[in-house]
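Q: Just a sequence and a predicted model for now, questions to come.
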Amino acid sequence: MASIEIEKLEKSYGHVSVLHGIDLDIRDGEFVVLVGPSGCGKSTLLRMIAGLEDVSRGEIRIAGNRVNDLHPKDRDIAMVFQSYALYPHMNVAGNMSYSLRLRKATKEKIGAAVAGAAAKLGLEPLLERRPKALSGGQRQRVAMGRAIVRQPKAFLFDEPLSNLDARLREQMRAEIKKMHADLKATSIYVTHDQIEAMTLADRIVAMHGGVVQQVGSPLELYDRPANLFVAGFIGSPGMNFLDVTYRGGALRLKDGSRVADSPPVAVQEGSDLTLGIRPEHLTITTDSGGISAEVELVEPTGFGIIVHLTLHGMPVKVFTLDRQALATGGEIKVSFPVQHIHLFNNEGSRIG
Amino acid sequence: MKQSLLLIVAHRLAILCYIVLALFPLFWLLKVSVTPNDLLYSEGVRMWPSRATFAHYSFVLRHSAFPTFFKNSLIVSGSTAVLVTGCASLSGYALSRFSFRAKYWIVALMLLTQMFPLVMLVAPIFKILSPLGLTNSLTGLVVVYTAFNVPFATFLMQSFFDGIPKELEEAAMIDGATKFTAFRQIILPLTLPGIAATLGFVFTAAWSELLFALMLINGNNAATFPVGLLTFVSKFSVDFGQMMAAGVLALIPAALFFLLIQRYLVQGLTAGAVKG
């Protein structure tokens, strides 16, 4: 196992620059999730760490050694691909042992490693099968098995669960987490699914447009998103944003109506801000302090209910566990608890 | 239900018609090859002669130069197929996986070679080969056939490589393989259907090529089988029985070859059509 340091890493294809100076320190044994929408550069970053893409500028170090110019085979890492990339002409045991056979390990060592990995992943009855005779979940397991048979310095995961159905994804997510707790292996995991990121990560790296937006624990990103992008990306349903103006210690909509008291921030009177509040933090109220809003749509999820509202012409979502919300219609009132309000300046950075 | 039965019958009938149409010349070849000479013109159009004989076969095998032609053809077609497939797998892989300068121009040039009618090229090629001593030699034929078949075979192989996901190689390289090991141990085994298809295609193309063989070869020693067949045509008569017997014998290797590779061929020519 090893630490991975990334310093001022840049990637460009011709004149198109896709990564703009990434700095990242991954500690030994840490589980780091790179998350962001498609095209944000997270997969490119992972592939550069793996050695499948050249580094344009900057440096990657694994266990303190610069690996920029090393071939993938010399970096001692393992990778799980989205498409699993199992070798179709080899059976499960052959797939899992390929890396060891390339390294000319002894028969006994290969047998022991494969048996160990197969036991861990419940693959023993399948060792003789070819990949095409396996289900999606089994293929996924074989891909993981192939990664863990040799003890590499780090595991790289490139959206490993996105080809699975929802139920299986949940199950494999838990297995990956368990496996990490077991092996304590340095892992870098790429996903566009913020739930996977939240549940798996020791630290999340939120990326957008080839730039790291925020690095932190899942709850840090949830509780204190650094900017509008992270605020909108983490959490489901996504955070509500309202354009407001700070006037007289309160936040007011464009038409002057008061939304909420402002959290204590140092901003100029009259500055334009973006107010963010998560749907689960908005409360439906009968209080006279609430703001009235029009109910557009009610979506029951089973666990709770998502109510889509129009508040002074702006779309707002409320997530509530109160089943009475199902019966709502017409006009209701919502209030914005001040301790849950996020404020962003007009550059999109968090101010409070 | 009744209509669909009708459709099935019509469908089968249409296929039957096609098969009869396609196989009839082959049947006629066989029929003439076993017809004794004295019955050939006297019996009129009959589906099978009243008396069959293998005399033409034994004559062709014992007293004509046919065995030489056959051996020459086998050498030329076999080496051409192996050479072309070897080159085409390497170049097809390069076109499929690497981006390099002048790639566009190389592809364009290769396409260009396919655009000329061969007749136009016979004279210049003869002019090039004759000072090199490659006319009237099997080596010369192999060189020419290889040159003409490599471009198409390259495109064919490229499409097979395109059908193999890049991740497989990447996974192999991360597992510890060099690029070449990954090519040899992962990609090549998966391209076997493509290789079989290319081998078959080139082999038959070389097997039945007449124009260059006719122009570059004179004399029986280096003649391939299509040229050899013409020796059965003399100034005053055509010895149909022997010619057809030679034709049937010449079909055997091609038929055997396709029998061997047909399993791969069906996979191969449809590869990439559906995601595996």
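A: It's in. From a predicted model like this one, the values you see are computed outputs, not experimental measurements. Residues are numbered from 1 along each chain as shown, chains lettered A, B, ... in the order given.

Q: The residue nearest to A:G51 when sequence neighbours are not counted: how many residues sit nearby?
A: Once flanking residues are discounted, A:G51 sits nearest to A:P72: 3.8 Å by CB to CB, 6 or more residues apart in numbering or on different chains. C-beta: built from backbone N, CA, C; applies to glycine. Using other CB atoms under 10 Å in any protein chain shown, A:P72 is surrounded by 25 other residues.

Q: where does chain B have low pLDDT?
A: Where chain B drops to pLDDT under 70, the residues are B:1-2, B:265-276.

Q: what ranges do the strands span in it?
A: Taking DSSP state E, chain B contains no strands at all.

Q: Let me see the contact set for the residue most central in space within it.
A: Ranked by distance to the mean C-alpha position of chain B (CA atoms, centre = their mean), the top residue is B:T204 at 1.1 Å. Going by CB atoms under 8 Å, 6 or more residues apart in numbering or on different chains, B:T204 touches B:77, B:254, B:257.

Q: Select only the buried ones of those residues in ChimeraX?
A: Selection of buried members from the contacts of B:T204 for ChimeraX, criterion 16 or more other CB atoms under 10 Å in any protein chain shown:
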select /B:77,257
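
Q: which parts of chain B sit against chain A?
A: Applying CB under 8 Å from any CB of the partner chain, we find that chain B lies next to chain A at B:165, B:167-168, B:170-178, B:181, B:186, B:189-190, B:276.

Q: Please list the residues of the stretch 51-200 of chain A that sit near chain B.
A: Checking the stretch 51-200 of chain A against chain B by CB under 8 Å from any CB, the hits are A:51-52, A:71-73, A:77-79, A:81, A:83, A:85-89, A:98-99, A:102-103, A:132, A:146.

Q: now do 10 Å
A: The stretch 51-200 of chain A comes close to chain B at residues A:51-52, A:71-90, A:95, A:97-103, A:131-132, A:143, A:146-147, A:149-150, A:152, A:156, A:158, as judged by CB under 10 Å from any CB of the partner chain.

Q: Helices - which of the residues you listed land there?
A: A:95, A:97-102, A:143, A:146-147 (DSSP state H).

Q: now the residues you listed in a markdown table, with neighbour count and pLDDT?
A: Shown next, in a markdown table, are those (neighbours: other CB atoms under 10 Å in any protein chain shown; pLDDT from 0 to 100):
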| residue | neighbour count | pLDDT |
| --- | --- | --- |
| A:N95 | 27 | 93 |
| A:S97 | 26 | 94 |
| A:Y98 | 23 | 94 |
| A:S99 | 24 | 93 |
| A:L100 | 20 | 93 |
| A:R101 | 15 | 93 |
| A:L102 | 18 | 92 |
| A:A143 | 25 | 93 |
| A:R146 | 27 | 93 |
| A:A147 | 27 | 91 |
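
Q: what's the distance between B:L16 and B:L29?
A: 20 Å (CB to CB, to the nearest Å).

Q: Comparing these two, which residue is more hemmed in?
A: B:L29 (16 against 10).

Q: So what are the structural domains in chain A, by residue number?
A: With domains defined by automatic domain parsing, chain A comprises A:4-233, A:240-344.

Q: how about A:S257, what does it touch?
A: A:291-292, A:311-312 (CB atoms under 10 Å, 6 or more residues apart in numbering or on different chains).

Q: any idea which of the residues you listed is closest to chain B?
A: A:L311 (46.3 Å; CB to the nearest CB).

Q: Would you list the phi and psi of the closest one?
A: Backbone torsions of A:L311, given as degrees, to the nearest 10, read phi -110, psi 110.

Q: Quick check: nearest residue in space to it, chain neighbours excluded?
A: A:A293 (4.1 Å).

Q: How many residues are close by that neighbour?
A: Neighbours around A:A293, by other CB under 10 Å: 22.

Q: Buried residues in whichever helix or strand it is part of, which are they?
A: Using DSSP states H and E, A:A293 sits in strand A:291-300. Going by neighbour count (16+ other CB under 10 Å), the buried part of strand A:291-300 is A:291, A:293, A:295.

Q: And the helices in the stretch 1-150 of chain B?
A: B:2-33, B:37-40, B:55-63, B:66-97, B:103-113, B:118-129, B:138-162 (DSSP state H, counting those that start in this stretch).

Q: I should have written the stretch 101-250 of chain A there, sorry.
A: A:107-121, A:136-148, A:166-183, A:194-200, A:218-223, A:228-233.

Q: Redo the ones you listed as TSV? Include distance to B:L229.
A: Below are those laid out as TSV (distance: least, CB to CB, whole Å):
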stretch	distance to B:L229
helix A:107-121	57
helix A:136-148	54
helix A:166-183	64
helix A:194-200	69
helix A:218-223	79
helix A:228-233	74
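
Q: Of all those helices, which one is nearest A:R47?
A: helix A:136-148 (15.6 Å; CB to CB).

Q: In contact with the residue nearest to A:L311, which residues?
A: A:282, A:284, A:307-312, A:314-316, A:318, A:331-334.

Q: same question, A:V16
A: If you count contacts by CB under 10 Å, 6+ apart, then A:V16 has A:G210 around it.

Q: give me the beta-bridge partners of it?
A: A:Y13 (DSSP bridges).

Q: distance of it from B:K166?
A: From A:V16 to B:K166 the distance is 20 Å (CB to CB).

Q: could you list every residue that touches B:F116?
A: So B:F116 contacts nothing (CB under 10 Å, 6+ apart).

Q: Just want the phi and psi numbers for it.
A: Torsion angles, degrees, to the nearest 10, at B:F116: phi -90, psi 140.

Q: What's the separation between it and B:V122?
A: 11 Å.

Q: What of A:G111?
A: Taking CB to CB, one finds A:G111 at 62 Å from B:V122.
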